[in-house]
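1. Predicted model, plus sequence, below.
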Amino acid sequence: MIPLEKIPQDPAVSLHIDRYQLYDFSKPAYLKTVPNGKFDVYFILNGSFSVLDQCDGTFKKAHKTGLFFASNDSSLLRIDAGMKCINIKMKISVLGHPEFKLPKTDKLLIPFPFPYSPEVQDEIRKRLATGQEGFETEWLDAVFKKILSPIPNEGKILKVLEEFTDLNNEDIGSISRSLYMTTKSLYRFVKKHFSLSPKQLKDVIRFDLATSHLKKNPSTNLVEALSFGYYDQSHFVKECRKITGMPPKEFFSDMPFTTNDLIREHIIKA
């Protein structure tokens, strides 16, 4: 399996895109997503993958282009051999884009063409025809800058996200005061735009920041999680179990990629 990640270099693009990812699976695999407070929009170039439907316990085949919501829930993916796709991790600020319209549905698998118009799909296929060498930041930035710029009415969403990312804001009350909002109006705003409660959004963002740091610095220990707002190590362990379903040691050992939001799931077949 070939995983590649590229970080946007254009400031106008990095406002709304966290990273580009390319996955090329030669063998089948099971992966579990980890909540990260971002939208994942993917485009399957070859093969297919399926997502576990928690309601009936069966795997449903994913659409060619689709979306994983920025949520506090994990998803189990079954990857078929030969599956190749590009995934873009979009920051929540992209909600200000007029074409980024979240469907009003609870269904896990939904077709979502944005930002992969037919022209963009053709460009991606052309660039990647020579292999992974074509996966370069410059042309990715150029393609998506045209799509994402400008995003109107993004100011308040960006400001809210800044406050939730600011580790000096210890609780929801301090965030609402910084935004000159009541806790009730903050709850309504966050629920409307992010489909999460303020506490859920803060927990997901904090966990993503902490695990990103720990992943990049494997020689550090869990004590450093305290600098991200956890009371003690046991608090971080509890949050890790709640979000990922496993303790930190198992979580990090089953994370084979550079990203901190995909872990290998071990499926025991009867």
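-> Happy to help now that I have it. Numbering: from 1, shown residues only.

2. Was I right to think residue 8 contacts residue 136?
-> No: taking contact to mean Cβ atoms under 8 Å, the distance of 11.8 Å between residue 8 and residue 136 leaves them out of contact. Heads up, the C-betas are built off the backbone N, CA and C, glycines and all.

3. So for the two, which residue has more residues nearby?
-> The neighbour count for residue 8 versus residue 136, taken as other Cβ atoms under 10 Å, is higher for residue 8 (21 against 12).

4. Wait, a helix at that one?
-> No: looking at residue 8 with DSSP: H, G, I helix; E, B strand; the rest coil, it is coil, so not inside a helix.

5. In terms of pLDDT, where does it sit?
-> Residue 8 is assigned 94 on the pLDDT scale.

6. Quickly note the distance from the residue nearest to it when sequence neighbours are not counted to residue 166.
-> Leaving aside its sequence neighbours, residue 8 sits nearest to residue 14 (Cβ to Cβ, 6 or more residues apart in numbering; 4.2 Å). Remark: distance between residue 14 and residue 166 (Cβ to Cβ, to the nearest Å) = 18 Å.

7. got it, and residue 233?
-> Separation of residue 233 from residue 166 (Cβ to Cβ) stands at 23 Å.

8. Which of the two has more residues huddled nearby?
-> Counted by other Cβ under 10 Å, residue 233 and residue 166 do not tie: residue 233 has more neighbours, with 15 against 12.

9. who touches that one in this structure?
-> Residue 233 is in contact with 222, 223, 225, 226, counting by Cβ atoms under 8 Å, 6 or more residues apart in numbering.

10. same check, this time on residue 160
-> 179, 186, 189, 190, 193 are the contacts of residue 160 under Cβ under 8 Å, 6+ apart.

11. Likewise for residue 135?
-> Applying Cβ under 8 Å, 6+ apart to residue 135 gives the contacts 4, 6, 20, 22, 86, 127, 128.

12. Produce a PyMOL select command limited to the buried residues of these.
-> With 16 or more other Cβ atoms under 10 Å as the criterion, this PyMOL line picks the buried residues out of the contacts of residue 135:
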select buried, resi 6+20+22+86+127+128
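
13. which of the contacts of residue 135 lies closest to residue 161?
-> Of all the contacts of residue 135, residue 161 sits closest to residue 20, with 20.2 Å by Cβ to Cβ.

14. For the closest one, list each beta-bridge partner.
-> Note on residue 20: beta-bridge partners residue 6, residue 88, judged by DSSP bridges.

15. can you redo the contacts of residue 135 as JSON lines with distance to residue 42 and secondary structure?
-> Below are these laid out as JSON lines (distance: Cβ to Cβ, whole Å; DSSP: H, G, I helix; E, B strand; the rest coil):
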{"residue": "4", "distance to residue 42": "14", "secondary structure": "strand"}
{"residue": "6", "distance to residue 42": "15", "secondary structure": "strand"}
{"residue": "20", "distance to residue 42": "11", "secondary structure": "strand"}
{"residue": "22", "distance to residue 42": "11", "secondary structure": "strand"}
{"residue": "86", "distance to residue 42": "7", "secondary structure": "strand"}
{"residue": "127", "distance to residue 42": "17", "secondary structure": "helix"}
{"residue": "128", "distance to residue 42": "14", "secondary structure": "helix"}
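
16. In the chain, mark out all the helices, start to finish.
-> Secondary structure of the chain by DSSP state H: the helices cover 11-14, 118-127, 137-148, 155-165, 172-178, 183-194, 198-216, 233-244, 248-253.
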